[in-house]
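Undergrad: return a 3D structure for these sequence lines:
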Amino acid sequence: MWPPLHSPPGRCGAGRPRFRTGLGLAAALASGATLLAACGHPGDRAASGRDAPAATSTTTTTTTPSTTTSTLPVTPITWSPCMGDLQCGTLTVPLDYADPSGPTIGIALARHPAEDPSARIGSLVINPGGPGVSGIDDFDNELSVLTPGLLDDFDIVTFDPRGVERSDPMSCGEGANAAPGPVPDPVPQTAAAQTTFIAGLRAYAAACEKASGALLPNIGTVDVAQDLERLRIALGDSALTYMGQSYGTLIGETYAAMYPTHVRAMVLDSPIDPALSFDQMTVGQAKGFEGELDAFFTWCAGTSACPWHTTSDPTAALEAQMAQSRTDPAPAGSGRSAGPGELFDALLDGLYATTEWPELGDALAADADGNGSPVVAMSNHYNQDGSTNGSDVAVAVDCADHPAMKNLSAYSYLAALYKAVAPIFGPPLAWGEAACAVWPSPPTRTPGPVAAPGAPPILVVGTTNDPATPYAWAVSVAHELQKGVLLTRDGNDHVSYFYSACVRSYVQSYFVSLTPPPSGTVCTS
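TA: Numbers count the residues shown, from 1 in each chain. Coordinates of the predicted model:
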């Protein structure tokens, strides 16, 4: 039986599942490359000036493989006690679904058995986001907020997706549990710096290919969706009950596109719109975080709880602080300092939830006073303190899922375009895409709307001020699905289920009775 690799990371506030598309840049750079990554990634790309693929086709996001998972033999799962009252097991899956009789890999699973066996309906599979996030490390956080009705009626099941931690983990050659190091500047400022930056991307990609070459072509969301189908079969469920959060929604959408009649019930909370191009997703997320940053500025200016007080233009003040960090970074002890990479990471870490704003305000104020320790601590937290391979997986999955522009000379122009709509987040997220321009494996997913004909009603949950997956994406996904039902939470924060009793109540009712709320229902809590 596989062992836990490390204790589950703490989740400040109620929860922080990530969608990292575009946001993995700093994390991957921190892992030892001059690169750029989940979770998250997480807009609208007309501003990019690029000819993004038009999302007008009615085809689904993926092409169903010629050999589907349901025609392949599925080895039963052997469950063993682990981690208190949980059970652990391994699901065996093909490394390459185009070669089903070839090499296999193991998908690590954890299960919380239904607390009322007499009322058991089946299994509820949860993915908390990413890419690169371990469902098993996150499991305590999920179980802590699941409603009693769900805990009574369902076996709650989670997993480490292929390549993540316990599931045949990918590597880019770095040592396990390496201590976090300096984070390079995610926005190269000069032509020479850009050349160095891209050379670092190439070196990082080569290291990943050398260490994990067999896995890289088979690590994308299309492969994970096929693993999910084998998991459904192995669990003995006639149809899948699934909750995907953040990046986990793309797994659910891809599954619904490939196996629509195998869905029993599905909740997509803080969804990614699968129809968007890489550019559109990056701009959307840059705008989302910029909007949340503006809200943080307003809060900070109006409360004594925030010591970071600036002039009437906080964006300009933050840009000046970042510029100073490039030439005179604040020392943080142990040989570290708070450079622009650490500052970007700290901002990301502090903007996923309003409960993090006080910590962010304290860190920015300390940095301005010459103490970079709090900023570096937040950067380390965002990158899970180097204790997982999540950053590497995030890059690999992003590049498998999102075709990127190959013209490396255009990324400085792209960064300037994004800066016009998102001054702080636009440039680093634009440069973050460049990792996929030099990635050794081609994309395995084609962007397109998800219709899922034949699927039952699918509940799509969006928060109006979600910084990582903009609310407009939830609206779009609900419209793309033939039977999409939109549930809106009016508020901030990322992933509604962790912050709203109203949302949790509707989700429980839907999973248990298969009756979704009326489309257009709004939760104000």
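
Undergrad: residue ranges for the helices of the stretch 401-525 of the chain, please.
TA: In the stretch 401-525 of the chain, the helices defined using DSSP state H, counting those that start in this stretch lie at 411-421, 426-432, 434-437, 471-480, 501-513.

Undergrad: list the buried residues of stretch 433-451.
TA: Applying a neighbour-count criterion of 16 or more other CB atoms under 10 Å, one finds 433-439, 441, 443-451 buried in stretch 433-451. Heads up, the C-betas are built off the backbone N, CA and C, glycines and all.

Undergrad: next, Pro331: phi, psi?
TA: When read as degrees, to the nearest 10, the backbone of Pro331 gives phi -60, psi 150.

Undergrad: how about it, what does it touch?
TA: Counting by CB atoms under 8 Å, 6 or more residues apart in numbering, Pro331 touches 337, 370-372.

Undergrad: so it bridges to which residues?
TA: Beta-bridge partners recorded for Pro331 (DSSP bridges): Ser337.

Undergrad: cool, and Pro81?
TA: Gln87.

Undergrad: Arg111 is in contact with that one, correct?
TA: No. Pro81 sits out of contact with Arg111 when judged by CB atoms under 8 Å, with a separation of 10.6 Å.

Undergrad: next one: the host helix or strand of Gln324 to chain centre, how far?
TA: Element membership of Gln324 [criterion: DSSP states H and E] is helix 314-327. In terms of CA atoms, centre = their mean, to the nearest Å, the centre of helix 314-327 is found 27 Å from the chain centre.

Undergrad: picking that back up, just the helices of the stretch 401-525 of the chain: most buried one?
TA: A comparison of those by mean neighbour count, using mean count of other CB atoms under 10 Å, puts helix 426-432 on top with a mean of 28.

Undergrad: so what does it touch, helix or strand wise?
TA: Judged by 3 or more CB pairs under 8 Å, 6 or more residues apart in numbering; DSSP states H and E, helix 426-432 is in contact with helix 24-30, helix 278-301, helix 411-421.

Undergrad: repeat the analysis, applying 6 Å as the threshold.
TA: Here helix 426-432 touches helix 278-301, helix 411-421, going by 3 or more CB pairs under 6 Å, 6 or more residues apart in numbering; DSSP states H and E.

Undergrad: in TSV, list those helices along with mean pLDDT and distance to Leu95.
TA: Formatted as TSV, these follow (pLDDT from 0 to 100; distance: least, CB to CB, whole Å):
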stretch	mean pLDDT	distance to Leu95
helix 278-301	94	26
helix 411-421	95	33
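
Undergrad: out of these, nearest to Ser212?
TA: Counting by CB to CB, Ser212 lies closest to helix 278-301 out of these; the figure is 21.8 Å.

Undergrad: quick one: buried residues of stretch 514-525?
TA: So, applying 16+ other CB under 10 Å, buried residues of stretch 514-525: 516-517, 521, 523.

Undergrad: tell me the pLDDT of the nearest residue in space to Thr311 that is not next to it in sequence.
TA: When the adjacent residues along the chain are set aside, Thr311 lies closest to Ala317, with 5.8 Å between them (CB to CB, 6 or more residues apart in numbering). Note for Ala317: predicted pLDDT of 96.

Undergrad: Ala317 contacts Thr310, correct?
TA: Yes. Under the criterion of CB atoms under 6 Å, Ala317 makes contact with Thr310 at 3.7 Å.

Undergrad: before we move on, back to that, between the helices of the stretch 401-525 of the chain, which gets nearest to Val183?
TA: Nearest of the helices of the stretch 401-525 of the chain (CB to CB): helix 426-432, 10.8 Å.

Undergrad: got phi/psi on the nearest residue to Thr92 once chain neighbours are set aside?
TA: Of all residues not flanking Thr92 in the chain, Thr75 sits nearest, at 4.7 Å (CB to CB, 6+ apart). Per-residue torsions, Thr75: phi -70, psi 130 (degrees, to the nearest 10).

Undergrad: could you do Met258 as well?
TA: Here is the backbone geometry of Met258 (degrees, to the nearest 10): phi -80, psi -30.

Undergrad: distance of it from Tyr97?
TA: Relative to Tyr97, Met258 is positioned 11 Å away (CB to CB, to the nearest Å).

Undergrad: higher neighbour count, Pro81 and Arg111?
TA: A direct count of neighbours by other CB atoms under 10 Å for Pro81 and Arg111 places Arg111 higher, at 21 against 10.

Undergrad: which residues touch that one?
TA: 87, 155, 157 (CB atoms under 6 Å, 6 or more residues apart in numbering).

Undergrad: of those residues, closest to Tyr471?
TA: Lowest distance from Tyr471 to these (CB to CB) belongs to Val157, with 29.0 Å.

Undergrad: how many neighbours does the closest one have?
TA: 26.
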